[in-house]
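Chemist: all I have is the shape, not the residue letters:
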């Protein structure tokens, strides 16, 4: 009897131990499944944050890799421009070589650069990023209101044009990359930085000092820009051209300037259409509204463009586009086609996106009343 009870007790203990073992085995398996699930979820989160594809292959997103990829893509669209100019000095007249940069804007050889890069040039050569040199280069024309020129390499149809971005969306603090022929010696030099400011005025000139031009509405950047960079692209982190490098501040470090790319799009449109350089304009004079200007003229807003004459010149050009549309002196232009004047560009840049004959909607303040009018842009008179 006692032996029977002992066997039954031993059997019960064995069953219990087996059951416990099974339970632990199940818990262990469940833990592995849960761990694998969590690891899978973590991988998906990393994938989302680091730009992995669905196949799980890692793609580096560090800053150096981003910049390198952009440079690899855009460099074939950045050229060096070499000019020969005649200079006079106390020692007589001599030929001198100068260099700048340019941006390929069509596969047929159209090049965008600064006007001061080609000012007074007796001859122009374009050097591609691979070292190929083109000497058969024509100056198509210059923008009468901006430091912009258009060149054409003859008899080519296989160049790689840069992608133009939208400079009205540029924000202070965003990362940018500059490429250009630094110091006229170091082709396709790359620097990076941020947008330091917008709407800056500056006077730009060529290396010979024979030309100076006051520009407005420029982008300011701390990306290193040196003589020779002029005419090269300022790029966003998508590799799109948002500006054209045009000047470096004298006696200052970390201050460079670029023309917003939108300011070139209207004239570029006419150039690519074979119509030469035709610049659209409103036909008015204005001052950019700032807090100081608003206080001086007792204006109801601290941004926009205040229409006012200058040094005896009329505020509104008689029979010009603005005159025909009913705009008047002391009106404040606040928007052009819905874009805010000031935060999204000055009047010149916003109008520069369009070609003569295009119609834009202008929003303005007359006193405290807001109104809109349609303005058909005209071609800036050639001088």
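Modeler: Great, that's in hand. Just so it is clear, the model here is predicted, and its values are computed rather than measured.
Chemist: what comes into contact with stretch 305-315?
Modeler: With Cβ atoms under 8 Å, 6 or more residues apart in numbering as the contact definition, stretch 305-315 has outside contacts at 284-289, 293, 297, 299, 316, 322, 327-333, 341-342, 346-347. To be clear about C-beta, it is placed using only N, CA and C from the backbone, and glycine gets the same treatment.
Chemist: rerun at 10 Å
Modeler: Stretch 305-315 has contacts (Cβ atoms under 10 Å, 6 or more residues apart in numbering) with 282, 284-290, 293-294, 296-297, 299, 316, 320, 322-323, 327-334, 336, 341-342, 346-348, 350, 362, 364-365.
Chemist: the helices in this structure, which residues?
Modeler: According to DSSP state H, the chain carries its helices in the segments 2-50, 63-74, 115-118, 262-272, 291-297, 321-324, 347-352.
Chemist: check contacts around residue 93.
Modeler: Neighbours of residue 93 in contact, by Cβ under 10 Å, 6+ apart: 86-87.
Chemist: that one and residue 139, how far apart?
Modeler: Distance check for residue 93 against residue 139: by Cβ to Cβ, to the nearest Å, it reads 22 Å.
Chemist: could you list the low-pLDDT ranges of the stretch 201-350 of the chain?
Modeler: 203-214, 250-252 (pLDDT under 70).
Chemist: and the strands in it?
Modeler: In order along the chain, the stretch 201-350 of the chain carries the following strands (DSSP state E, counting those that start in this stretch): 212-221, 233-235, 241-248, 256-260, 280-281, 286-288, 305-307, 332-336, 339-340.
Chemist: pick the most deeply packed of those.
Modeler: Per-residue neighbour counts averaged over each of the strands of the stretch 201-350 of the chain give the maximum for strand 233-235, namely a mean of 30 (mean count of other Cβ atoms under 10 Å).
Chemist: report the contact partners of residue 142.
Modeler: The neighbours of residue 142, taking Cβ under 10 Å, 6+ apart as the test, are 113-116, 118-119, 148-150, 267, 277, 279.
Chemist: out of the residues you listed, who's nearest residue 370?
Modeler: Closest approach to residue 370 among the contacts of residue 142 (Cβ to Cβ): residue 279, at 28.5 Å.
Chemist: what's the spacing between the closest one and residue 267?
Modeler: Going from residue 279 to residue 267 by Cβ to Cβ gives 5 Å.
Chemist: name the residues contacting each of these two.
Modeler: Residues touching both residue 279 and residue 267 (Cβ under 10 Å, 6+ apart) are 141-146, 148, 352, 355-356, 380.
Chemist: tabulate the residues you listed in a markdown table, adding columns for pLDDT.
Modeler: As requested, the shared contacts of residue 279 and residue 267 are exported to a markdown table (pLDDT from 0 to 100):
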| residue | pLDDT |
| --- | --- |
| 141 | 94 |
| 142 | 94 |
| 143 | 93 |
| 144 | 88 |
| 145 | 88 |
| 146 | 91 |
| 148 | 95 |
| 352 | 93 |
| 355 | 94 |
| 356 | 94 |
| 380 | 90 |
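Chemist: any chance you could map the strands in the stretch 51-200 of the chain?
Modeler: Along the stretch 51-200 of the chain, counting by DSSP E, counting those that start in this stretch, strands occupy 78-89, 92-104, 110-113, 121-127, 133-134, 137-142, 149-153, 175-182, 186-205.
Chemist: any chance of those strands in a markdown table, plus distance to residue 312?
Modeler: Shown next, in a markdown table, are the strands of the stretch 51-200 of the chain (distance: least, Cβ to Cβ, whole Å):
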| stretch | distance to residue 312 |
| --- | --- |
| strand 78-89 | 35 |
| strand 92-104 | 37 |
| strand 110-113 | 35 |
| strand 121-127 | 36 |
| strand 133-134 | 47 |
| strand 137-142 | 27 |
| strand 149-153 | 31 |
| strand 175-182 | 41 |
| strand 186-205 | 22 |
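Chemist: right, and those strands - which one's nearest residue 223?
Modeler: Per Cβ to Cβ, nearest to residue 223 of these: strand 186-205, 3.4 Å.
Chemist: neighbouring strands of that closest one in the sheet, and parallel or not?
Modeler: In the sheet, strand 186-205 lines up against strand 175-182 (antiparallel), strand 212-221 (antiparallel) (DSSP bridges).
Chemist: for the first one, buried residues please.
Modeler: Taking 16 or more other Cβ atoms under 10 Å as the neighbour-count basis, strand 175-182 is seen to contain the buried residues 176-182.
Chemist: dump the residues you listed to JSON lines, plus pLDDT.
Modeler: Listed next are the buried residues of strand 175-182 as JSON lines, based on pLDDT from 0 to 100:
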{"residue": "176", "pLDDT": "96"}
{"residue": "177", "pLDDT": "95"}
{"residue": "178", "pLDDT": "95"}
{"residue": "179", "pLDDT": "95"}
{"residue": "180", "pLDDT": "91"}
{"residue": "181", "pLDDT": "87"}
{"residue": "182", "pLDDT": "79"}
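Chemist: report the residue ranges of every domain in the chain.
Modeler: For the chain, whose domains are defined here by automatic domain parsing, the residue ranges read 73-153, 167-267, 279-379.
Chemist: tell me which of those lies nearest to residue 159.
Modeler: Distances from residue 159 to each of those were compared using Cβ to Cβ; the shortest belongs to domain 73-153, at 5.0 Å.
Chemist: straight-line length of that closest one, end to end?
Modeler: Taking Cα to Cα, to the nearest Å, the first and last residues of domain 73-153 lie 21 Å apart.
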